[in-house]
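Engineer: 3D model of this:
(2 chains)
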Amino acid sequence: MNDKRHVILGASFPGVNHHTIWSDPRSGSQIDFSSFVHLAQAAERGRFDFLFQAEGLRVREHKGSIYELDIAGRPDILTQQAALAGITEHLSFLSTINSTFNEPYELARKLASHALLSGGRIGWNIVTSSDAFHGGNFRRGGYLAREERYERAAEVTRTVLELLDSWSGDGDGSFTHAGKHVDIAGRFPLRLGSLPHPVLVQAGVSDEGRDFAARSVDVIFSPYSQPDEGRAFTADVRSRAERAGRDPDTLKVLPGASFVLGDSQAEAEQKAREVTRAQVSPQTALVLLEQVWLQDLSDVDPTGPVPEPDPSKVEQDITLGKTRTTGDPLARAREWYAFAQEKKLSVRELIIAKQSRQRFVGTASQVAEQIDDAVQSRVSDGFIIGSPVVPVGLDDFVESVVPILQERGVLRSEYEPGATFRDNLGLPPIAPIVRDGVAPFVSPLVEVPHN
Amino acid sequence: MSTERFTVGVALDGVGWHPSARAEDPAAPGTLDYWSGSVATLEQAGVDYVTIEDTFSGWSPDWRAEAAGAAGRLDAHTVAAFLAGRTERIGLIPTATTTLTEPYHLATRLQTLDFATRGRAGWQVRVSAGPEELRLTALGEGRRPALADGEIDETALVDLFDEAAAVIATARALWDSWEDDAEIRDAATGRFLDGGKLHHVDAQTPWFSVAGPSIVPRSPSGQVLVAALAHATVPYRLAVRGADVVFVTPGPGNPLSGILAEIRELERAEERAAPPLRVVADLLVAVGADAADRYASLQHRAPVASDAEVVVGSAEQVADRIAQLRDEGADGVRLRPAENAHDVTVLAHGLLPLLESRGVHGSGTADGLRGAFGLPRPPSRYARNDETLAGAR
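Structural biologist: Sure thing, here's the model as predicted:
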C-alpha cells in the first residue's frame, strides 16, 4: 500500500486501578461476559491486532484490609480469552500469565489447545511476580527469591516452547527437561503442525528486564508513550536486541496509552481534565499519597495541604498486590512534597498533577496524526489503547480514529484471512528465546557457579 | 426413586469412546468447528450438558493417539471455554484434575467459564494416580503414585482422594468468597467494594494452603456444578463429600440399586448437608438402525474394555434401557457415543425426540446447569454469617 510503517494496535481491557472510572454513568460490568464481548467486537471492527488483559492472582489489600476504592474482580485470563477467541475470527489475544505460579506442562497444553482452536491467535505476556502475598494463594507459596524470577521465567518459557515443538521433525512428543527450575519428562499430547509459536511479550523497565526482553520476546511493553523518552527507550532496547544477535525489527515496542477525543483541541483538553478528576476521587487521592509516602495518612484531609513524609513511619507493604518500588523508599515522596510546597497544592491537586500523561488528547484527526507520527518517528511500533470506561470506551476510537489511520495507509482495512498473531505483526514463526543465533538471557543477579 | 427432573447428558472424548472410532477427517477433532458442530447438534436436541474428558497428561493408559485425531487431545477446559460463547443452553462440564494443579487456578478458571456461559459451567473432578503424570510437574515431586504397573497403593489412593475432597472444598469456599452484594459502587464514599463482603478462605490442608478471596466475583451459578465419575467406595465417598452429581456404571452383576444403597449410606455416614447427590448412570452407546453392524466392525478392529455398560441397538432399544434406569432410581443418564461421527447425530435426531415423546426427558428450559439437576443457586456461606450478625443487632 505504501512504505510507511504500519501501526500495531492492541486494545486493553481496563484493569483494577483508579484509571478505570466506575462512577461514570456509561460504566458497565467489569466481569460480565457481555462486557468482554463488546470490547473484543469493537477491537475486531477496528481491525486491531489484539486484545490484551492483565492478570490478577490476589485481590489487593491496603493497610491490612481488602482495598475498596478501585474497580475489582477479574476473570482467569486464559479462560476468558479462549471464550472470546471462540466468537471472533481475526482478533488475537494476549494473555498475561505468571511464570512463577504456573507450571510449564499444564501451561503448554493450554497454550497449544488455544493455538489449535483459534488458528494461532494467541500471545503470552510473561509476568514474573514472585512475592509471598501472591504466593499465599498457591501450593508452593512465595518460594522464589526475587533475583531468580527472570531466571525461572526464561526457563519456564523455554520449556513451554520445547513442548510445543516436541512433535516437529522426527519428534514423537517425547521430551526431557532437566534444569534448575524445571525438571520434567514425558510425552506431550498435542501436535501444532504448521502453527507458529505464541507471540511472547514482556514488560521490562529495569536493566535486567530490558535485557530479558531483548533476548527473549517479540514485543516489549514500554512505559513511555511520549516522544523523547519513548524514542530513547525504543532505541535502547533495539540496540540490546541487535547486540544479542537479533534483527531489531523483530522486536516490537508497544506503550500503553489512553485517549480523550473532542470536537476541538480545547474541548478534548477540558474533557481530559474531567477524566482525571473523576479518576482521582478525594479518597483515592489519599490512598495514592499513602502509596508514595508509604505510611498511614488516614487523618489527613485530601483537600488540605500535603503532609511532610515521615521516615519513621514507613511501611513498605502498605499496599499488597501492587508492584513494589526499590531503592530509597521515600525519594519520590520527597520530590513530590517539594513540588506541592512550591505550587501550593492540596493532596488531591498534587495527585491529579502527578497522574501520568500517557494519553492522546485532541480531535480524532489530531489523535490519528499523533499515533502515526509516533510510529513513523520510532517512538514505538504502535500502542495498546485503553480507555477509562468499561466496556464502551473503545467505541469512539474505533468509529472516529481508526478510519483516519486507515486513510493514512497505516492500518489494515481488512484482515488477512487465516492470519496468525505472528503473521499480523510480521514476526518470524520461532520465538526469539529459542531462535538460532540469539544470545540467551543470563540473569546478572544470579551467581553463576564456577566449575 | 427419582426426586428431580431426569437429565440426559453426553460425554465427549476425542472421536468417540470406542478405541476403533475414527473421524472422517483425522485433522477435524483438533478444530473448533468439529467441537462446535457436535455440541450445537446436541444442544438443539435438548441434551442437558456435555462432559469433556481429559487427564492431566492428556494421555491415559487405554487411550491411543489416533482416537483424538491428528492434533492429539485438547485441554478440556480450553475446549469448553471456546464453546461458551457459541452455545446458549447446554451445560459445559470439562474434566480437570485435582492432584497436580493449583486449587486457586482451578477455582477461578471454572468461575470464569461460569460467567462466559452465564451459569452453565460444571467441573468433572479427576485425580492423577500414575507415575508418568507425577513426572510432568514440580507439583508431583515427592509424591507416591497410587497406581503403578497395575498395582494399587491403597494408602496413596486414599490420600489422593482426600486431597481431591480438600481441593473441592477450597474451590467451593473461593466461589463463596465474594458475597453477591460485595460490589456497591458507592460514589458518596468513593468505594467500589464493600470489603467486609470479601472473605479470606484461609484453607490450610496437608497438601496446600490458599488465602483467598477469589479474584473473580461470585459467578452466575454461585457454586459451579461439581461432578465425578466413580466405581467404588473411595470415589463414591469423594462424590458424597464434595460433588453435586456422580456418574456411576451399573451393569450386569452391578445393579443400580446396590450402587444407590451404598451412596445413600455414605451420605448418612458423612453427614452430607448438601442436597442428595444426583446419581447418573453412564452408558456406552452405539445407536441407530445399523448400530449392530457398525459396532461389530468396530469390535473387529479392536475390542472395547468399557467400565460402563455397552448398549447397542435402535433408538427404541436404547430408550428402553434408559427408561429402565430411570425406573430403578437414576436421576439421569450420561451417554458415551461409541463413534461420534455416527452416534452423535443419531442420539440427537433419533434418541432424544423418542425420550421426549415417552416422557422420560423433557427438553424444557432449565435455569442454568444447576437448574437442570434441580439444584437451586445457594447463597454464599459467608452471607449466612452476615444475616446472623444482622439479626443480633
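Engineer: For the rest of this, base every contact and every neighbour count on C-alpha atoms.
Structural biologist: OK.
Engineer: where exactly do the helices run in the stretch 301-450 of chain A?
Structural biologist: A:331-343, A:347-354, A:364-376, A:395-396, A:402-407, A:421-425 (DSSP state H, counting those that start in this stretch).
Engineer: count of residues packed around residue 128?
Structural biologist: Went with chain A since none was named. Neighbour count for residue A:128, taken as other CA atoms under 10 Å in any protein chain shown: 21.
Engineer: That was the other one, I meant chain B.
Structural biologist: When neighbours are counted by other CA under 10 Å, residue B:128 comes out with 25.
Engineer: Likewise for residue A:311?
Structural biologist: 12.
Engineer: Pull up the gap between it and chain B, please.
Structural biologist: 29 Å (CA to the nearest CA, to the nearest Å).
Engineer: Number of residues surrounding residue A:425?
Structural biologist: 21.
Engineer: nearest residue to it other than its sequence neighbours?
Structural biologist: Spatial nearest neighbour of residue A:425, chain neighbours left out: residue A:8 (7.1 Å); criterion: CA to CA, 6 or more residues apart in numbering or on different chains.
Engineer: so which of the helices of the stretch 301-450 of chain A gets nearest residue A:292?
Structural biologist: The closest of the helices of the stretch 301-450 of chain A to residue A:292 is helix A:331-343. By CA to CA, the value is 5.6 Å.
Engineer: other SSEs contacting that closest one?
Structural biologist: If contacts are counted by 3 or more CA pairs under 8 Å, 6 or more residues apart in numbering or on different chains; DSSP states H and E, helix A:331-343 sits against helix A:282-293.
Engineer: now check the helix it packs on, is it near chain B?
Structural biologist: Yes: interface with chain B: helix A:282-293 contributes A:282, A:283, A:284 (CA under 8 Å from any CA of the partner chain).
Engineer: could I get those as CSV with neighbour count?
Structural biologist: CSV is the format used below for the residues of helix A:282-293 next to chain B (neighbours: other CA atoms under 10 Å in any protein chain shown):
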residue, neighbour count
A:282, 20
A:283, 17
A:284, 22
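Engineer: residue ranges of the strands in the stretch 201-350 of chain A, please?
Structural biologist: With DSSP state E, counting those that start in this stretch as the criterion, the stretch 201-350 of chain A has strands at A:219-222, A:252-261, A:319-320.
Engineer: right, so of those, which gets closest to residue B:298?
Structural biologist: Using CA to CA, the strands of the stretch 201-350 of chain A put strand A:219-222 closest to residue B:298, at 50.0 Å.
Engineer: Now for chain A, the helix or strand with the poorest mean pLDDT.
Structural biologist: strand A:319-320 (a mean of 78; mean pLDDT, DSSP states H and E).
Engineer: can you tell if that strand touches chain B?
Structural biologist: No: Strand A:319-320 lies out of reach of chain B by CA under 8 Å from any CA, never closer than 13.2 Å.
Engineer: how's chain A carved up into domains?
Structural biologist: Domain assignment of chain A by automatic domain parsing yields the ranges A:8-264+A:358-434, A:281-355.
Engineer: could you point out the longest strand in chain B?
Structural biologist: strand B:278-287 (DSSP state E).
Engineer: Which elements pack onto it?
Structural biologist: Counting by 3+ CA pairs under 8 Å, 6+ apart, the packing neighbours recorded for strand B:278-287 are strand B:245-248, helix B:291-301, strand B:309-313, helix B:315-327, strand B:332-337, helix B:340-346.
Engineer: Show residues contacting the second one.
Structural biologist: Helix B:291-301 has contacts (CA atoms under 8 Å, 6 or more residues apart in numbering or on different chains) with B:18, B:20, B:21, B:286, B:312, B:313, B:314.
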